[in-house]
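Enquirer: when you get a sec, could you give me coordinates for this:
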Amino acid sequence: MNPAPETPTVEPPVASAATGRSSSAPSWPAPSNDGGGESSSPWRPPGRGRTPREWAEWWLRPVIEARTWVAVGYLFVGVVWAPLMFVATVAVIGLTFSLSLVVVGLALVPAAFGVINGLARIERARATWVGAAIPPRPLRPPPTGTPWWRRMVAPLSDPARWRQVAFVMASLIAMPVLFGVAMVPWGLVAQLPAGIWLLGLILAVLVAGGVARLSVAVAGVAHRYVAWFLGPDSNEALQQRVDELSGQRQAILDAVAAERRRIERNLHDGVQQQLVAIGIDIGRAAGRVDAEPAEARALLDEARDKLRDSIGELRLIGRGLHPSVLGDRGLDAALSSVVAGGPIPMTVDVDLDGVEPAELPDDVATTAYYVVNEAVANVYKHSRARGGSVRISRVETPRAALVVEVRDDGRGGANPAGGSGMAGMRARVEGVDGTFDVRSPKGGPTEVVASVPLARVSPETTDE
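Expert: Coordinates of the predicted model:
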C-alpha cells in the first residue's frame, strides 16, 4: 500500500508527568468496618462512642504496620546509598575531566553521565517503596548532523543531567538529616523505660504511635525530595504539551487545506467537466429535436448517464466529508460500505468488546472511518494486493482506545511520511491524541495501525 497521490509507558498510579508531583503520603490498607460502620484507618480516629481499647488499637496500629518499617528501611538504605552515589559520581566526573586535558576524556562524557543517570534511575525505583512511581525528567537527545565531538560533549549543556549531579551531592547531607529526624524519636522511645521503669514504659507506649507516624511522614518528605530533583518539571511538561498541541493544530490545518484543494480539484476536473458536457449534449439535442428526433433522444440518454455519474461522484465526495451511513447505521455498516464493490476482496471485523457502535464518541467513530476510507483507497490504487482486511477493536491498556488496523498483502514499500493521504490520516489521528503507525517493508505486507483514545488526555495524566 503506497500513499495516494493528492487524494494518512506504565502510567504512574498517582504521580503525573505534567506536575512531577506524586502522592507520597502512605497508602495504608483500606479501612475496615467492624460493625459500627466507622472507619478504623490508622490515620483517622475511630470516632465517638469507642472504647479505650479501640482508641489504643488505633493509636498503636502503625507501630506494627509493615509500611511503617518499610519507611524506616527506606530511610536507612538512603543513608547507606547516598555516600555510595557520591563516591561513584565524583569518581566518574573526576576521571572524565582529568582525561579531558588529553582529549580522551571527551569520549567518556556520555558514559559518565550515563552512570549518573543509572544512579538516578535506581533512586526513582527505590522511591516506589514509600510512594508512587516518579517519571523521569526528560533528557536532551544527542544532536544529529553534527561533528562527533559535539555529540560527545552535548550532555554537558543539558540542565537535567546537572540536576541529577546536584541531587547526588545534596543527598549526601539530606539523607542523613531525614534519617536522623525519623530515628532520633525512636531512640528516645527506647530510652524512656530506662528511668522510672513502669512510668517510662507507659510513656514509650503512648509516644510510639506518634513516632511511627512521624517515620512515615519523613519518608514521604524524602519521596517528594527525590521527585523534585529527578521528576519532570511541571512548567516544562505543560510547555511540552502546548508545543504538542500546537503541532497537532498546524498538522490539522495543513491536512484540511490539502483536503480542500483535493475536493476543489475533484469538482473542477470531474463533476464540473461532466456538467459542462451535459450542457453541451442538451444543447445539441435541443437543436435536433425537430429534424432528428432519434439523434436528439440518444444525446439526452447520454446526458442522463453523465448526470447519474456526476451524482455518484458528488456522493463519494460528500461521503468523504461525513458519511451519512455512519450516523444512520453505525461504524460496522459504514466500513462495510467502504470495501463493498472494491476491485479486491477485503474483510471487515468490528469487535468493540460489548460496546454498542452508537455509544462511541462521534469524533472517534468519524476518525476511524476516515482512516479506513483513506487506507482502503490506498490499497486499491497502489498496493497491487490480492486481498486485505480491516479490523476495529477496543483495548483498555495502557488507556481505553479504539484500534484501527488495515492490512493488505501487496507489494509494500509505503512511505509513512509521503503523500497527502498519509499526512491527512496522521494529522486526523494525532489531532484526537491518538497514535498512527505504518509498517510496510519492501515486498509487503503493509499494515496501517491507528489508536484513537476514547477519552482525551489531560495534561495531568500525560506521560513524559
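
Enquirer: what's the neighbour count on residue 57?
Expert: 14 (other CB atoms under 10 Å). For the C-beta atoms, the positions are set from N, CA and C on the backbone; glycine is no exception.

Enquirer: also residue 72?
Expert: Residue 72 has 20 nearby residues by other CB under 10 Å.

Enquirer: next, give phi and psi for it.
Expert: The phi/psi pair for residue 72 (degrees, to the nearest 10) reads phi -60, psi -40.

Enquirer: identify the residue nearest it in space, chain neighbours excluded?
Expert: residue 215 (5.3 Å; CB to CB, 6 or more residues apart in numbering).

Enquirer: where does that neighbour fall, helix, sheet strand or coil?
Expert: helix (DSSP: H, G, I helix; E, B strand; the rest coil).

Enquirer: tell me the contacts of residue 393?
Expert: Taking CB atoms under 8 Å, 6 or more residues apart in numbering as the contact definition, residue 393 lies against 351-353, 402-403, 405.

Enquirer: recalculate using a threshold of 7 Å.
Expert: The contact partners of residue 393, by CB atoms under 7 Å, 6 or more residues apart in numbering, come to 351, 403.

Enquirer: buried ones in the helix or strand harbouring residue 275?
Expert: With elements taken from DSSP states H and E, the one containing residue 275 is helix 272-288. Using 16 or more other CB atoms under 10 Å as the burial criterion, the residues of helix 272-288 that qualify are 274, 278, 281-282, 284-285.

Enquirer: return the member of those residues nearest to residue 423.
Expert: residue 274 (29.0 Å; CB to CB).

Enquirer: where do the helices sit along the stretch 151-300 of the chain?
Expert: Using DSSP state H, counting those that start in this stretch, the helices of the stretch 151-300 of the chain run over 159-191, 197-230, 234-266, 272-288, 293-321.

Enquirer: which residues of the stretch 351-464 of the chain fall in strands?
Expert: 388-395, 401-408, 435-439, 446-453 (DSSP state E, counting those that start in this stretch).

Enquirer: residue 441 reaches residue 412, doesn't it?
Expert: Yes - between residue 441 and residue 412 there is a contact at 5.3 Å, judged by CB atoms under 7 Å.

Enquirer: those two: who's more crowded?
Expert: Counting neighbours by other CB under 10 Å for residue 441 and for residue 412 shows that residue 412 has the greater number, 20 against 11.

Enquirer: spit out the contact partners of that one.
Expert: Contacts of residue 412 by CB under 7 Å, 6+ apart are 440-446.

Enquirer: any idea which of the residues you listed has the most stuff around it?
Expert: In terms of neighbours by other CB under 10 Å, the contacts of residue 412 top out with residue 446 at 26 neighbours.

Enquirer: hey, what's that one bridged with?
Expert: residue 408 (DSSP bridges).

Enquirer: quick one: it from residue 384, how far?
Expert: Going from residue 446 to residue 384 by CB to CB, to the nearest Å gives 11 Å.

Enquirer: show me the common contact partners of the two, please.
Expert: Joint contacts of residue 446 and residue 384 (CB under 7 Å, 6+ apart) are residue 410.

Enquirer: doesn't residue 136 belong to a helix?
Expert: No - counting by three-state DSSP, residue 136 is not part of a helix but coil.

Enquirer: residue ranges of the helices in the stretch 351-464 of the chain, please?
Expert: 362-378, 419-430.

Enquirer: so which of those comes closest to residue 293?
Expert: Here helix 362-378 is closest among the helices of the stretch 351-464 of the chain (CB to CB), at 43.5 Å.

Enquirer: could the strands of the stretch 351-464 of the chain go into JSON lines alongside mean pLDDT and distance to residue 115?
Expert: Output for those, formatted as JSON lines (pLDDT from 0 to 100; distance: least, CB to CB, whole Å):
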{"stretch": "strand 388-395", "mean pLDDT": "89", "distance to residue 115": "38"}
{"stretch": "strand 401-408", "mean pLDDT": "90", "distance to residue 115": "38"}
{"stretch": "strand 435-439", "mean pLDDT": "88", "distance to residue 115": "33"}
{"stretch": "strand 446-453", "mean pLDDT": "89", "distance to residue 115": "36"}
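
Enquirer: can I get those strands in CSV with distance to residue 335?
Expert: Formatted as CSV, the strands of the stretch 351-464 of the chain follow (distance: least, CB to CB, whole Å):
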stretch, distance to residue 335
strand 388-395, 6
strand 401-408, 9
strand 435-439, 18
strand 446-453, 13
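
Enquirer: what about the stretch 101-250 of the chain, any weak spots by pLDDT?
Expert: Within the stretch 101-250 of the chain, the stretches with pLDDT under 70 are 189-205, 237, 241, 248.

Enquirer: which secondary structure elements does the host helix or strand of residue 80 sit against?
Expert: In the assignment (DSSP H and E), residue 80 maps to helix 66-100. In terms of contacts (3 or more CB pairs under 7 Å, 6 or more residues apart in numbering; DSSP states H and E), helix 66-100 is packed against helix 109-127, helix 159-191, helix 197-230.

Enquirer: please redo it, this time with the cut-off set to 10 Å
Expert: Packing partners of helix 66-100 (3 or more CB pairs under 10 Å, 6 or more residues apart in numbering; DSSP states H and E): helix 52-64, helix 109-127, helix 159-191, helix 197-230.

Enquirer: give me the buried positions along the third one.
Expert: To tie it back to what came earlier, the one meant is helix 159-191. Neighbour count says helix 159-191 has 160-161, 164-165, 167-168, 171, 174-175, 178-179, 181-183, 185-186, 189 buried, by 16+ other CB under 10 Å.

Enquirer: next, format the buried residues of helix 272-288 as a markdown table and append distance to residue 305.
Expert: Shown next, in a markdown table, are those (distance: CB to CB, whole Å):
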| residue | distance to residue 305 |
| --- | --- |
| 274 | 10 |
| 278 | 10 |
| 281 | 10 |
| 282 | 13 |
| 284 | 15 |
| 285 | 13 |
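
Enquirer: and which of the residues you listed is nearest residue 326?
Expert: Distances from residue 326 to the buried residues of helix 272-288, taken by CB to CB, are shortest for residue 274, at 26.9 Å.

Enquirer: list residues touching both of residue 441 and residue 412?
Expert: residue 447 (CB atoms under 10 Å, 6 or more residues apart in numbering).
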